[in-house]
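Novice: Please work out how this folds:
(2 chains)
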Amino acid sequence: MSDDLRYPVGQFTPPAAVSASDRACFMATLEELPTRMRGAVAGLDEAQLDTPYRPDGWTVRQVVHHVPDSHMNAYMRFRLALTEDNPVIRPYYEARWAELPDARSGPVAMSLQLLEAVHVRWVMLLRAMGDAEFARTYQHPEQPGRSIPLSEVLAMYAWHSRHHLAHITRLRERMGW
Amino acid sequence: MDEDLRYPIGRFEAPAAISGADRAAYIETVAATPALARAAVAGLDERQLDTRYREGGWTVRQVIHHLADDHLNSYLRSRLALTEDDCVIRPYEEPLWAELPDARTAPVACSLDLLDALHVRWVALFRGMTESDFARSFMHPRSGRSRTLAELLALYDWHGRHHVAQITRLRERMGW
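Specialist: Next up, the predicted model:
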């Protein structure tokens, strides 16, 4: 854990190798996220939800809406990579998505519920995957020529889960909420 | 006959014009779709869920998982079109998605729950959209055809009812 407000759990470093037991840990992180996210915002009032987690950063509310939007994209990318050979995935402007009216002002309850439902389906998909499926790859158009294995993508989203959760829990610690 | 089984409420026909009142009615249908899907499969046992709604068609279970996956795609497409000009969306291989192991065998409850949660968010997005937001468009790279978000909304007014009717018609025919 660092004092970096933007990267409280550090930046993501792709692991050199991902074993089956690593994968099980990453899946457990994904499985636990919806409950932990609900816990992270429990008891916050509207003004607290509209507080940026760092200067110029997203508000807690925007973080809560961002996570299911991001993880639904991830769920889709897994399915694309499982049904096409080394497909190029579709990036999106996450900063713009987070500025749409629903993401700036919508009730967090709907995204907590959505996160729960998406993770149940996503984790079910992941648990049915074996070595061969996790070795399948996709390409990001901004990293041409690099084929990213799904095992690495899984590691990334386990990090992504802890990353955004820590934005909220660290803010609460600093603010004494 | 196969056409009737496959398209029980008819094929989608893009309306020539879509008024604010039309949009409001479509949004109501989208809001009601998860409950209609849940009711359509209520009380079915595992063997019934694994019955094809027509010969050569998907099983009831595949239809339910498809609804969640497809609407999830379209929710994301809605956001892409709202945040990008000249937006080109990413198609996916519907039949291959429906043959992945989870789509063939997973409990329908997980996709019914996902449909519930997703539509709450999607409807909130639609309700916050203005006339000019609904005029924003996206292009499908294969057809080269552009659709406005108002047309996407009209399509999803149809799409939910289309798949629900495939299931309810099967139940009627089978006496389930």
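
Novice: Show residues contacting the one helix or strand B:Tyr26 maps to.
Specialist: Element membership for B:Tyr26 (DSSP states H and E) is helix B:20-41. Outside helix B:20-41, the residues that touch it by CB atoms under 8 Å, 6 or more residues apart in numbering or on different chains are B:15, B:18, B:49, B:60, B:64, B:67, B:71, B:108, B:112, B:115-116, B:119, B:122-123, B:126-127, B:131, B:134, B:150, B:153-154, B:156-157, B:160-161, B:163-164, B:167-168, B:171. Where C-beta positions appear, they are placed from N, C-alpha and C, glycine not excepted.

Novice: how about the closest residue to B:Leu100 other than its chain neighbours, phi and psi?
Specialist: In space, and not counting its chain neighbours, B:Leu100 is closest to A:Leu82: 6.0 Å by CB to CB, 6 or more residues apart in numbering or on different chains. Torsion angles at A:Leu82 (phi, psi; degrees, to the nearest 10) stand at phi -80, psi -20.

Novice: contacting residues around A:Leu82?
Specialist: With contact set as CB under 8 Å, 6+ apart, A:Leu82 has these partners: A:Met129, A:Glu133, A:Arg136, A:Leu150, B:Leu100.

Novice: And those, which two are furthest apart?
Specialist: Largest separation among the contacts of A:Leu82 by CB to CB: A:Leu150 and B:Leu100, giving 13.1 Å.

Novice: Got the confidence number for residue 17?
Specialist: Looking at chain A here, since you left the chain open. Note on A:Ala17: pLDDT of 94.

Novice: Oops, wrong one, chain B.
Specialist: At B:Ala17, pLDDT is 95.

Novice: In stretch B:40-49, which residues are buried?
Specialist: Residues of stretch B:40-49 classed as buried: B:Ala40, B:Val41, B:Leu44, B:Gln48, B:Leu49 (neighbour count, 16 or more other CB atoms under 10 Å in any protein chain shown).

Novice: quick check, nearest of the contacts of A:Leu82 to A:Arg6?
Specialist: A:Leu150 (26.8 Å).

Novice: Which residues of chain A lie near chain B?
Specialist: Selection of chain A residues close to chain B by CB under 8 Å from any CB of the partner chain yields A:68-69, A:72-73, A:75-76, A:79-80, A:82-84, A:89-90, A:92-93, A:96-97, A:100-102, A:106, A:110-111, A:113-114, A:116-118, A:120-121, A:124-125, A:128.

Novice: can you list the buried residues of stretch B:40-49 in CSV and add pLDDT?
Specialist: Putting these into CSV (pLDDT from 0 to 100) gives the following:
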residue, pLDDT
B:Ala40, 98
B:Val41, 98
B:Leu44, 98
B:Gln48, 98
B:Leu49, 98
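
Novice: Distance to A:Gly39 added to these, as CSV?
Specialist: Output for these, formatted as CSV (distance: CB to CB, whole Å):
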residue, distance to A:Gly39
B:Ala40, 35
B:Val41, 32
B:Leu44, 36
B:Gln48, 39
B:Leu49, 34
